[in-house]
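Novice: What shape does this take:
(one chain, ligands or ions: 1)
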Amino acid sequence: MNHPGKPHVLVLGGNFAGLTTARFIREQCGEDINITVIDRKPYLLFIPNIPIEVFANRNPQNTMHMPIEHILHDDRIDFIQAEVQTIDVESSLVDYVSMERPGSPIEHIKYDYLVVALGARLAYDKIEGFGEYGFTLSDTYHGNRLRHYLHGGGYKGGPIVIGSSRFHQGTKGKPDWLPNAMAACEGPPLEIALSLGAWLEDHAQGGPDKITLFTPGQVIAEDAGEEIVTKFLAMAGSMGYHYVNKTEDIKRLTADGIEFANGKSLEAEIKIVLPDWQPHSFMKDLPIVDEKGFVITDLTMRNPDYPRIFAAGDAAALTVPKLGTLGDMQARIVALQIAKDLGKVSAEKADQPFRPEVICMGDMGRDKAFYIHSDVWYGGKTSIMKTGHMIFALKLAFKEMYYRTGGKPSRWGLPLTELLTEHLL
Ligand SMILES: Cc1cc2nc3c(=O)[nH]c(=O)nc-3n(C[C@H](O)[C@H](O)[C@H](O)COP(=O)(O)OP(=O)(O)OC[C@H]3O[C@@H](n4cnc5c(N)ncnc54)[C@H](O)[C@@H]3O)c2cc1C
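Specialist: Numbering: from 1, shown residues only. From the prediction side, this is the model:
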């Protein structure tokens with residue numbers, strides 16, 4: 001229960017970025033602060049491992065939903081299951097509607113500090129034909145659709161395409177070192193292609209040469225850096241995968257294939273796509289966002305015009321590509337900043353700026369995975385890619401650690417992953 005007289009931190013969103021931020025704020029600020037989390041659902045959706053569950057024919061609804069209410073309760077954080085309607089940044093009020101039963105009125109909640117961790121709207125509804133002909137793996141509902149199709153005998157052995165829609169990144173407030181991405185997050189298409197290729201072979205349905213990877217950009221997963229992408233494409237090519245770049249965007253999906261904005265098309269029975277990551281519609285006109293609707297922040301994740309408003313995770317303009325690992329780094333920064341304001345930590349400790357690194361562990365099927373750690377896209381020099389069974393074990397272990405710690409891992413699979421993968425494997 002929140003106590004009168006203490007500053008109130010309101011965290012919007014309770015998935016990766018929101019849950020972690022709220023829990024690190026409690027850790028850094030102790031009991032001198034009230035914290036409330038609002039999310040429309042009372043559980044965390046563990047998105048990165050959905051493909052593993054689907055290809056193993058396990059229902060991801062059973063394994064990828066982690067209830068969050070008791071975790072927050074144990075940290076003395078209030079939880080409201082509600083739909084956020086809007087943010088009034090002048091009067092520091094958030095409008096929400098309770099989701100527990102239909103018919104609830106709009107209510108307002110006041111904040112002293114606000115953390116926007118509402119992720120993005122995955123705009124499948126903007127892809128013509130997706131509802132009828134599209135598949136994806138970004139949530140358990142769609143994961144189950146593909147699972148039923150593959151494991152239920154629906155697959156007729158036809159060609160498969162896997163790739164992304166064009167992402168629309170904002171430029172207002174963007175630092176010079178942050179490039180423009182053509183796709184929001186291209187780790188998933190890579191891992192889905194590799195694991196589906198292995199699945200086809202294991203189920204006597206063909207193999208990688210049935211699969212074409214496509215990207216709207218010059219190269220797929222450009223944020224991993226040229227060296228890694230070149231290695232990756234050579235590996236995938238030698239396995240038989242096909243690859244098409246510069247599609248610009250998806251025009252439409254049809255029963256027989258996919259049409260691209262560049263005028264080309266591919267025949268395909270299965271179309272697995274990742275959409276444009278768009279901001280939620282109510283965000284678009286707020287004074288804290290860029291021209292697309294992502295929250296503008298400085299490198300301490302504060303909005304420059306409203307310094308008591310922070311963003312973390314996919315909702316933040318600085319989060320490119322849209323990776324949970326980046327949200328995790330930002331969550332720790334936000335917690336330290338609020339603790340600094342309360343006099344709990346020094347400026348020296350808190351003011352370490354956000355320095356993005358792409359860190360990604362992707363399933364390859366047959367209990368193998370790839371590991372990518374790179375910052376060259378942002379101007380750095382780290383460029384590491386490894387593959388192996390141990391990395392798959394680490395990917396599974398990370399999920400276990402995440403559940404066991406209630407969304408407060410020691411770091412996103414690090415330093416364990418870094419130590420094992422980069423130095424020992
Ligand atoms: C298939 C796939 C695999 C991936 N694999 C990886 C990986 O291996 N590594 C990695 O780092 N990243 C990976 N990602 C990206 C990662 O899933 C996202 O970056 C991460 O989920 C972002 O976390 P977030 O908390 O910012 O947003 P989200 O996870 O989208 O959470 C936003 C939360 O806000 C809530 N919300 C939204 N709007 C409202 C509203 N109006 N009112 C109330 N609540 C609301 C939602 O219910 C949700 O709980 C993957 C993504 C996909 C699709």
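
Novice: The ligand contacts on the stretch 201-350 of the chain?
Specialist: 280, 313-315, 322-325, 327 (Cβ under 6 Å from any ligand atom). Where C-beta positions appear, they are placed from N, C-alpha and C, glycine not excepted.

Novice: Which two of those residues have the greatest separation?
Specialist: His280 and Thr325 (22.0 Å; Cβ to Cβ).

Novice: What strand or helix carries the residue of the stretch 151-300 of the chain found nearest the ligand?
Specialist: Nearest to the ligand in the stretch 151-300 of the chain, going by Cβ to the nearest ligand atom, is Pro188, at a distance of 3.8 Å. In this assignment (DSSP states H and E), Pro188 forms part of helix 187-202.

Novice: Who are the contact partners of the closest residue in space to Ile127 that isn't next to it in sequence?
Specialist: In space, and not counting its chain neighbours, Ile127 is closest to Ile250: 5.5 Å by Cβ to Cβ, 6 or more residues apart in numbering. Ile250 makes contacts with 127, 163, 165-166, 258-261, 273, as judged by Cβ atoms under 8 Å, 6 or more residues apart in numbering.

Novice: Okay, now the unreliable bits of this structure?
Specialist: Scanning the chain for pLDDT under 70 picks out 1-2, 410-425.

Novice: related to what we said a few turns ago, just the buried ones from the contacts of Ile250?
Specialist: Neighbour counting by 16 or more other Cβ atoms under 10 Å classes 127, 163, 165-166, 258-260, 273 among these as buried.

Novice: Save these as TSV, and put in distance to Lys386 and secondary structure too.
Specialist: Shown next, in TSV, are the buried ones among the contacts of Ile250 (distance: Cβ to Cβ, whole Å; DSSP: H, G, I helix; E, B strand; the rest coil):
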residue	distance to Lys386	secondary structure
Ile127	34	coil
Gly163	24	strand
Ser165	29	coil
Arg166	30	coil
Ile258	32	strand
Glu259	37	strand
Phe260	33	strand
Val273	28	strand
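
Novice: Just name the closest of those to Asp32, please.
Specialist: Nearest to Asp32 among these, with distances taken as Cβ to Cβ, is Ser165, at 44.6 Å.

Novice: give me every residue that touches that closest one.
Specialist: Counting by Cβ under 8 Å, 6+ apart, Ser165 has contacts 123, 126-127, 183, 216, 249-250, 273-276.

Novice: could you dump those residues to CSV with secondary structure?
Specialist: Putting the contacts of Ser165 into CSV (DSSP: H, G, I helix; E, B strand; the rest coil) gives the following:
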residue, secondary structure
Ala123, coil
Lys126, helix
Ile127, coil
Ala183, coil
Pro216, coil
Asp249, coil
Ile250, strand
Val273, strand
Leu274, strand
Pro275, coil
Asp276, coil
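
Novice: Who is the residue nearest to Ile127 paired with across the strands?
Specialist: Phe260 (DSSP bridges).

Novice: ok, it to Ile272 distance?
Specialist: 12 Å (Cβ to Cβ, to the nearest Å).

Novice: circling back to that earlier point, His280 and Thr325: which has the busier surroundings?
Specialist: Thr325 (23 against 16; other Cβ atoms under 10 Å).

Novice: my guess is the more buried one contacts Tyr371, does it?
Specialist: No - counting by Cβ atoms under 8 Å, Thr325 stays clear of Tyr371, with 11.8 Å between them.

Novice: Pull up the overlap in contacts between those two.
Specialist: Joint contacts of Thr325 and Tyr371 (Cβ under 8 Å, 6+ apart) are Cys360.

Novice: Can you tell me which residue of the stretch 51-200 of the chain sits closest to the ligand?
Specialist: Going by Cβ to the nearest ligand atom, the ligand is nearest to Gly119 of the stretch 51-200 of the chain, at 2.3 Å.

Novice: Spatially, what comes nearest to that residue if we skip its sequence neighbours?
Specialist: Of all residues not flanking Gly119 in the chain, Asp314 sits nearest, at 4.4 Å (Cβ to Cβ, 6+ apart).

Novice: any idea what that neighbour is structurally, helix, strand or coil?
Specialist: Quick answer, by three-state DSSP: Asp314 is helix.

Novice: For it, list the residues it contacts.
Specialist: Contact partners of Asp314, counting by Cβ under 8 Å, 6+ apart, are 17, 119-120, 277, 322, 327.

Novice: Same question for Leu190.
Specialist: When the contact criterion is Cβ under 8 Å, 6+ apart, the partners of Leu190 are 213, 220-221, 232, 362, 370.

Novice: Confirm that Lys231 sits in a helix.
Specialist: Yes - looking at Lys231 with three-state DSSP, it is inside a helix.

Novice: okay, now it: neighbour count?
Specialist: Count around Lys231 with other Cβ under 10 Å applied: 15.

Novice: quick one: contacts for it?
Specialist: Contact partners of Lys231, counting by Cβ under 8 Å, 6+ apart, are Met385.

Novice: where's it relative to Arg366, distance?
Specialist: Applying Cβ to Cβ to Lys231 and Arg366 gives a distance of 20 Å.

Novice: likewise Glu53?
Specialist: Glu53 is 15 Å from Arg366, by Cβ to Cβ.

Novice: Looking at those two, which is more packed in?
Specialist: Taking neighbours as other Cβ under 10 Å, Glu53 and Arg366 compare with Glu53 leading, 21 against 14.

Novice: Kindly list the main-chain dihedrals of the residue lying closest to that one once chain neighbours are set aside?
Specialist: Nearest residue to Glu53, sequence neighbours excluded (Cβ to Cβ, 6+ apart): Pro60, at 4.1 Å. Note on Pro60: backbone dihedrals following degrees, to the nearest 10 are phi -60, psi -20.

Novice: Make sure Pro60 is actually in contact with Tyr141.
Specialist: No - contact between Pro60 and Tyr141 fails when scored by Cβ under 8 Å: they sit 9.1 Å apart.
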